[in-house]
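J.: here is a sequence with its predicted model. Questions after.
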Amino acid sequence: MTIQLYAFDTPNGRKISVALEEMGLPYAVQVVDITRGDQHAPAFEAISPNRKIPAIVDPQGPGGQPISVFESGAILVYLGEKSGKFWPADARARTAVLEWLMFQMGGFGPMPGQVHHFIALPDEAQRAYGLKRFMDETRRLYGVMDRRLAAHEFFAGELSIADFAILGWVWRHPRHQVDLADFPHVQRWYQTLMARPAVQRGFAVPLRHPD
């Protein structure tokens, strides 16, 4: 049965459209336009209590019963378990996936997200301190990733949901003013993933209302 994806055209939304395409799971999109306040609708809050995208509803959840899932990391784990893809059965390999998924959720998402916020402020006095702080930390995290990818093709060894999680944010590298040429191993990884047909389909899925 078709999974309903509630999302918008953001890094966290793209994580899930890419994962669904890579896993070959049937899904339909419900655009939640966060610029118009759609996330505050009571019907959406019922499935995403934090009023954030993305969220999913799977009519064929555990035990054959519907389930809703919010938070992109939780959704990726759920989909990995459901599909049996990009989510290792081996405990050691799965731990590596979880490490890099948590790295993204706790750092490489919140930090560039703050860059996106401060860089848009028109008042130079307001934005200068925050922009330097979060740009520096974002670049530090790119360095962590670059060192990891110098010795590994993908973050957890094999391609996994951790890569899809991180990809959503590296996709926005122009917005947080990072030149991937400064991080050649991240650049290699990024180009490899973006060349995958399923990833391209995931980024092509319309996650905005037509103008």
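T.: The structure has been received and is ready for your questions.

J.: gap between the two ends of stretch 104-113?
T.: 12 Å (Cα to Cα, to the nearest Å).

J.: what's that stretch in contact with?
T.: Contact partners of stretch 104-113, identified using Cβ atoms under 8 Å, 6 or more residues apart in numbering, comprise 11-12, 72-73, 134, 137-138, 141, 145, 162, 165-166, 169, 172, 175-176. C-beta here means a position set from N, CA and C on the backbone, and glycine is covered the same way.

J.: hey, where'd the helices end up in the protein?
T.: 11-23, 42-45, 72-83, 91-106, 110-119, 124-151, 161-170, 184-194, 197-204 (DSSP state H).

J.: out of those helices, deepest packed?
T.: Burial of those is given as mean neighbour count (mean count of other Cβ atoms under 10 Å); helix 161-170 ranks first at a mean of 27.

J.: how far does that one sit from its chain's centre?
T.: 5 Å (Cα atoms, centre = their mean, to the nearest Å).

J.: same deal with stretch 6-22?
T.: Here the centre of stretch 6-22 is set off from its chain's centre by 7 Å, with Cα atoms, centre = their mean.

J.: stretch 34-52 too?
T.: On the basis of Cα atoms, centre = their mean, stretch 34-52 sits 18 Å off its chain's mean C-alpha point.

J.: for stretch 50-67, same thing?
T.: With Cα atoms, centre = their mean, you get 17 Å for stretch 50-67.

J.: and it, which residues are buried?
T.: For stretch 50-67, a neighbour-count test (16 or more other Cβ atoms under 10 Å) marks 51-58, 61 as buried.

J.: among those, which one sits closest to Asp38?
T.: Using Cβ to Cβ, Ile53 comes nearest to Asp38 of the buried residues of stretch 50-67, at 8.8 Å.

J.: from Gly202, how far out is that closest one?
T.: For Ile53, the distance to Gly202 equals 15 Å [Cβ to Cβ, to the nearest Å].

J.: got the domain boundaries for this structure?
T.: As given by automatic domain parsing, the domain ranges for the chain are 3-86+199-204, 91-196.

J.: got these as TSV, with distance to Pro210 and mean pLDDT columns?
T.: Below are the domains of the chain laid out as TSV (distance: least, Cβ to Cβ, whole Å; pLDDT from 0 to 100):
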stretch	distance to Pro210	mean pLDDT
domain 3-86+199-204	10	98
domain 91-196	22	95
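
J.: OK, contacts around the residue of the chain most remote from its centre?
T.: What lies farthest from the middle of the chain is Ala125; by Cα atoms, centre = their mean that is 31.1 Å. Ala125 makes no contacts at all, as judged by Cβ under 8 Å, 6+ apart.

J.: sweet, I'm off.
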